[in-house]
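Asks: Mind folding the following:
(2 chains, ligands or ions: 2)
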Amino acid sequence: MKYTYYPGCSLERNAGAYHSSTLAVAGPLGMEFQEVDDWNCCGATEFIAVDKMQAYALAARNLSLAEKQSNGNGATMVAPCSACFLNLSKCDAYLVKDAPLAEKVNRALAAGGLHYTPGSVRTRHLLEAMVTDVGFEGVAAQVKRPLYNLKVAPYYGCLIVRPGFLDKFDDEEYPTSLDKLMRTLGANVVDFPMKAHCCGGHMTQISEEVALGLIYRLLKNAADYGADVITTICPMCQLNLDAYQEHVNRYFGTHFKIPILYFTQLMGLAFDMDPLALGFGKEFIDAAPALAKIGVEPPPKPKRERPSKEALPMPMMPEEE
Amino acid sequence: MTTTAFSPEAPVLARTRRSFMREIVEDTPGGDPRLEMCIQCGTCGGSCPSGADMEYSPRRIFAMVEADMREEVLKANTFWYCVSCYYCMVRCPQEVHITDIMYTLKRKAIREGYYRESSASDAPDFSETFVDAVLKYGRSFELGLATRYHLRHHPIGAVKMATGMGLEMLRKGRMDLTPRRIKNLGQLQAILREAEDVAREDREQIGGGA
Ligand code: SF4
Ligand code: SF4
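Replies: Ligands and ions are numbered 1, 2, ... in the order given. Okay, the predicted model is just below:
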């Protein structure tokens, strides 16, 4: 099956492991991705907090590019990031519902020589596209190294199941599609009552205390049910649970060591693919002990250079160079 | 949608100018957000993961909107602590577009400067820095910005961030040092400039939009 692919900013860098594992498993599953040419940021949860019209024009440029790329055949655009999926599908749904907004957004797009016909691009989340189009049997046919022994907590977060602007594909509060997918891989899926609760989103930047509390609840719940790993479908969820796990441990005096892995990484392992090609080694909380449980060697660790205290690299905007 | 079945007689003031309620309803995209249908059941607040840290629960904020308490609402931290989890929205018996209304309140608080008086006065800066990068490059500069943001607002945290997490991000190839630029940036910027003009015209027509 052919899809238009919208990677989104996170997958370019922070969630590189999600990008490479998605492309790796797509092949055997018969999913063919064509990236939207020159796509821009979806706006995350920030743009709409600052400017409504610009936020809609920003998301609509991507829809318009996808529409153009499909030559009027009605594109199906797959987004692996839950926030991108939400923003793009919501923009489309609201442009369909709100004709005056659609008219104004198209005036803005026209300034760049573009146009978008509301409803012409269907944005889908990667998990939903896999589960619906390839199906569990299609996935099972590719499993060469079942993940027996690995206890997996399937974490959905918010935006793939809520609020559901397109056809609902799973329950809003107790979804099960990722559970079933993990079982198809042979994994031992543990109960995870908080599986659709919030990871805190951008709250780490607003109030670390509030954010760490939200992350703690999720980690504790997964640990209580004996999970070896938490599997996720969103770069923001991965970042919060992985990169902030040690902060949580310091703040709450806990000792969580739960690797946070993309569902496509676990699929790749079950398909017996090279862990390096699946982006293993980029996680903060080492996945090696979990990999050992299924008899997989982790990729070799890169040599650690001692960072020089004086020359800390600091991110900058080009004009500040 | 002008149903006011659950509200008391509109105050005299609201007949001469647009009520705060109308303003919010009209500034929220996606058709009628159904805020006027709120029955004050409290399901939203009870479902909210950050409810405990909010000065007023979403339910209470909506009651204050109905009471035209414009300033008090826009100075609150409630919407800044909203993490967009959409729990309230799928549970609300009246199908009020709660999360969208939280965003409308954020935009208003920024545009009118009220956020400075809220206990979450740092919050908009993160959103605005994010937006600035996207306006300039077309792509976000997520973690680079987070590090910069920490430097500006939490100098102590920033040391931790820069020496610990930021460095680890770089080492693992998970963070860019400079933002990435889209090819047709001129096109995107023309679109966004036009969007701004369209929004300005709108505001001049009805007043107060964001
Ligand atoms: S859940 Fe809906 S009806 Fe109930 S208080 Fe909240 S907004 Fe109002
Ligand atoms: S969307 Fe916002 S207001 Fe609603 S429950 Fe989630 S955090 Fe609370």
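Asks: Need phi/psi at A:H125.
Replies: phi -80, psi 150 (degrees, to the nearest 10).
Asks: In contact with it, which residues are there?
Replies: By Cβ atoms under 8 Å, 6 or more residues apart in numbering or on different chains, the contact set of A:H125 is A:78-80, A:82, A:85, A:160, A:233. (C-beta placed from N, C-alpha, C; glycine too.)
Asks: Quick check: which helices or strands does the biggest helix by length in chain B pack against?
Replies: If you go by DSSP state H, chain B has its longest helix at helix B:185-206. On a contact count with 3 or more Cβ pairs under 8 Å, 6 or more residues apart in numbering or on different chains; DSSP states H and E, helix B:185-206 meets helix A:52-69, helix A:99-110, helix B:123-137.
Asks: ok, A:C199 to chain B distance?
Replies: Relative to chain B, A:C199 is positioned 8 Å away (Cβ to the nearest Cβ, to the nearest Å).
Asks: And that residue, how far from A:I260?
Replies: Distance of A:C199 to A:I260, given as Cβ to Cβ, to the nearest Å: 10 Å.
Asks: do the same with A:A66
Replies: Taken as Cβ to Cβ, the span from A:A66 to A:I260 is 30 Å.
Asks: now do A:G201
Replies: A:G201 sits at a distance of 15 Å from A:I260 (criterion: Cβ to Cβ).
Asks: now the residue of the stretch 51-200 of chain A found nearest ligand 2, nearest residue through space, not along the chain?
Replies: Taking Cβ to the nearest ligand atom, ligand 2 has its nearest neighbour within the stretch 51-200 of chain A at A:C198, 6.7 Å off. Of all residues not flanking A:C198 in the chain, B:C85 sits nearest, at 3.9 Å (Cβ to Cβ, 6 or more residues apart in numbering or on different chains).
Asks: ok now do that neighbour, which residues does it touch?
Replies: A:158, A:162, A:197-198, A:201, B:48-49, B:99.
Asks: Between which two of the residues you listed is the distance greatest?
Replies: Spanning the widest gap among the contacts of B:C85 are A:H197 and B:T99, at 15.4 Å by Cβ to Cβ.
Asks: which one of those two has more residues nearby?
Replies: Set A:H197 next to B:T99 and count neighbours by other Cβ atoms under 10 Å in any protein chain shown: B:T99 wins out with 26 against 20.
Asks: can you give me the helices in the chain?
Replies: Since you didn't name a chain, this refers to chain A. Along chain A, the segments classed as helices by DSSP H run A:9-12, A:16-29, A:47-50, A:52-69, A:82-97, A:99-110, A:126-129, A:135-140, A:177-184, A:208-224, A:235-243, A:245-252, A:263-270, A:288-293.
Asks: actually chain B
Replies: B:12-16, B:20-27, B:43-47, B:58-66, B:70-75, B:87-91, B:98-111, B:123-137, B:142-153, B:155-160, B:166-171, B:185-206.
Asks: Let me know the angle separating the last one from helix A:52-69.
Replies: If I follow you right, that is helix B:185-206. 140 degrees (axes from the mean of the first three to the mean of the last three Cα atoms, to 10 degrees).
Asks: and the angle from helix B:185-206 to helix B:20-27?
Replies: Going by the same axes, to 10 degrees, helix B:185-206 makes 150 degrees with helix B:20-27.
Asks: Show me which positions of helix B:185-206 end up buried.
Replies: Using 16 or more other Cβ atoms under 10 Å in any protein chain shown as the burial criterion, the residues of helix B:185-206 that qualify are B:185, B:187-188, B:190-195, B:198-199, B:202.
Asks: Point out where chain B drops to low pLDDT.
Replies: B:1-16, B:142-164, B:206-210 (pLDDT under 70).
Asks: and B:V131, how far is that from chain A?
Replies: Relative to chain A, B:V131 is positioned 5 Å away (Cβ to the nearest Cβ).
Asks: What count of nearby residues applies to the nearest residue to that residue once chain neighbours are set aside?
Replies: Leaving aside its chain neighbours, B:V131 sits nearest to A:V50 (4.9 Å; criterion: Cβ to Cβ, 6+ apart). A:V50 has 21 neighbouring residues, counting by other Cβ under 10 Å.
Asks: A:V50 against B:E128, yeah?
Replies: Yes: counting by Cβ atoms under 8 Å, B:E128 is a contact partner of A:V50 at 6.0 Å.
Asks: which residues do those two both contact?
Replies: Contacts common to A:V50 and B:E128, judged by Cβ under 8 Å, 6+ apart, are B:I110.
Asks: Counting neighbours, what do you get for the closest residue to A:M273 other than its chain neighbours?
Replies: Excluding the flanking residues, the one nearest A:M273 by Cβ to Cβ, 6+ apart is A:A24, at 5.6 Å. Close neighbours of A:A24, defined as other Cβ under 10 Å, add up to 19.
Asks: before we move on, what about B:A76?
Replies: As a burial measure, B:A76 scores 25 neighbours (other Cβ under 10 Å).
Asks: Likewise for A:L23?
Replies: With other Cβ under 10 Å as criterion, A:L23 counts 16.
Asks: Apart from its chain neighbours, what residue comes closest to it?
Replies: Closest residue to A:L23 in three dimensions, ignoring its sequence neighbours and counting by Cβ to Cβ, 6+ apart: A:F33, at 7.1 Å.
Asks: so that neighbour touches A:V25, yeah?
Replies: No: if you go by Cβ under 8 Å, A:F33 and A:V25 don't touch, sitting 11.2 Å apart.
Asks: Looking at those two now, which is surrounded by more residues?
Replies: A:V25 (26 against 18).
Asks: Now the more buried one. Nearest residue, chain neighbours left out?
Replies: Going by Cβ to Cβ, 6+ apart, A:V25 has A:M267 as its nearest residue, at 4.7 Å.
Asks: What distance do you get for that neighbour to A:P28?
Replies: Separation of A:M267 from A:P28 (Cβ to Cβ) stands at 9 Å.
Asks: try A:M203
Replies: 38 Å.
Asks: ok, those two, which is more surrounded?
Replies: Taking neighbours as other Cβ under 10 Å, A:M203 and A:P28 compare with A:M203 leading, 28 against 17.
Asks: quick one on the thing from earlier: where does the residue nearest to A:M273 land on pLDDT?
Replies: Predicted confidence (pLDDT) for A:A24: 98.
Asks: what's the answer for A:G295, then?
Replies: pLDDT for A:G295: 93.
Asks: In space, what's closest to it - neighbours in sequence excluded?
Replies: Counting by Cβ to Cβ, 6+ apart, the residue nearest A:G295 is A:R145, at 7.9 Å.
Asks: which one is A:M203 nearest to, not counting chain neighbours?
Replies: A:A211 (3.9 Å).
Asks: In contact with B:A120, which residues?
Replies: A:206-207, B:77, B:80-81.
Asks: Out of those, who's the most crowded?
Replies: Tallying neighbours with other Cβ under 10 Å puts B:W80 at the head of the contacts of B:A120, with 27 neighbours.
Asks: Could you measure from that residue over to chain A?
Replies: From B:W80 to chain A the distance is 7 Å (Cβ to the nearest Cβ).
Asks: State the distance from the spatially closest residue to that residue that is not a sequence neighbour to B:V134.
Replies: Among residues not flanking B:W80 along the chain, B:A120 sits closest, at 3.6 Å (Cβ to Cβ, 6+ apart). For B:A120, the distance to B:V134 equals 22 Å [Cβ to Cβ].
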